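Student: kindly return the folded structure for what I paste below:
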Amino acid sequence: MSGDHSKRAGDSQVRLFVWTGLRSLSTILTKCLSFVEDSLIFFEPYFCAYLHGPQRFVPEVPDADEEARIANYERNAAAVTSVEGGFEASECTYQWVKERLEEDHGEKRFVFCKDFASAVITGDKLKFLPRGYQHVFLIRHPLKVFPSMKSMLRVTMKASDDFSLEELKRYPTDGMYRDMSDLFDHIRKEYKQEAIIIDADDLQQDPRGVLSALFTAIGMPFQEQLLSWEAGDAVSRSWIISQTQLRGNKFGHYYKNAFASTCFLRPSALPDRESLSADILRCVDASMPYYEKMYAQRLKPV
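Tutor: Numbering: from 1, shown residues only. Alright, predicted model coming up:
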């Protein structure tokens, strides 16, 4: 498969796929891009297939505590009845996701999907990548990602205070940046496409400059209205997202900051390494070579 397939032949529809890792400001970016006129938003369908669908990833040697936590999460999510919309995780196979993404969507000017690279790299699911998308990678400094990730998973999975990221086998941790790098290389080689890299700090520091550069690269006019938006989750009600994720957010609140946002905030300083636990530092150190490789190739603000 080769060539630029980011636009449908004969019309002006643009299809954009943002690949990322956990806790990288990707939900805020998704909320922002939801305000592009005539847009359709897919939210983590491959990650749903990876974690909750019929083809869910199961480690060769599962960790009993992690499996129990995930099962408990799914029970808690199923008990939430105050959520409307969303597709059932039980129908979310990798082929189902590919077919939904490749549908015509002819009434839409902009089709967007956000997902995690590890969901297609783990278990070699690359054959299920959709045709017709321009690919973007959103990266964030590992020193910011892993502390946030550990805090989120401790709450979501009701883990003990001494829980270690290295206990996790189903959630991407120290291999997350390697997966993004591998997928980036795959898309450049197999699709002959110059995938775009955006750094989250750049996006926060200069959202107008980064978004303008992105929209120029994908062949769409930048809209000033994308720099601010209303607080709340109303826009997410039109997303194509699983019920499990919508329900999980009701008790895990992992989209809380993104939904409460009204703009991109200035980036925070890097945390002091001495303030971080050993498991976080090992994940950071394993990730830095891949982050630095991709950071060097990032899109610069205009």
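Student: could you use CA atoms for every contact and neighbour count after this?
Tutor: OK.
Student: quick one, what contacts residue 99?
Tutor: By C-alpha atoms under 8 Å, 6 or more residues apart in numbering, residue 99 lies in contact with residue 130.
Student: same thing but 10 Å
Tutor: 93, 128-131 (C-alpha atoms under 10 Å, 6 or more residues apart in numbering).
Student: that's a helix at it, yeah?
Tutor: Yes. The assignment for residue 99 is a helix, going by DSSP: H, G, I helix; E, B strand; the rest coil.
Student: so how many other residues sit close to residue 250?
Tutor: By other C-alpha atoms under 10 Å, 17 other residues sit near residue 250.
Student: I'd say it and residue 77 touch.
Tutor: Yes. In this structure, residue 250 is within contact of residue 77 by C-alpha atoms under 10 Å, at 8.1 Å.
Student: pretty sure residue 143 is touching residue 279, no?
Tutor: No. Between residue 143 and residue 279 there is no contact under C-alpha under 10 Å: 11.9 Å.
Student: buried residues in the longest helix along the chain?
Tutor: Taking DSSP state H as the criterion, the chain has its longest helix at helix 278-295. Neighbour counts over helix 278-295 (16 or more other C-alpha atoms under 10 Å) mark 279-281, 283-284, 286-288, 290-291, 294-295 as buried.
Student: and the one helix or strand residue 47 maps to, average pLDDT?
Tutor: Element membership for residue 47, per DSSP states H and E: helix 45-51. Mean pLDDT, computed over helix 45-51, is 96.
Student: again, but for stretch 73-80
Tutor: Averaging the model's pLDDT scores along stretch 73-80 yields 79.
Student: residues in contact with it?
Tutor: For stretch 73-80, the surrounding residues in contact (C-alpha under 10 Å, 6+ apart) are 52, 67-72, 156-158, 243-252.
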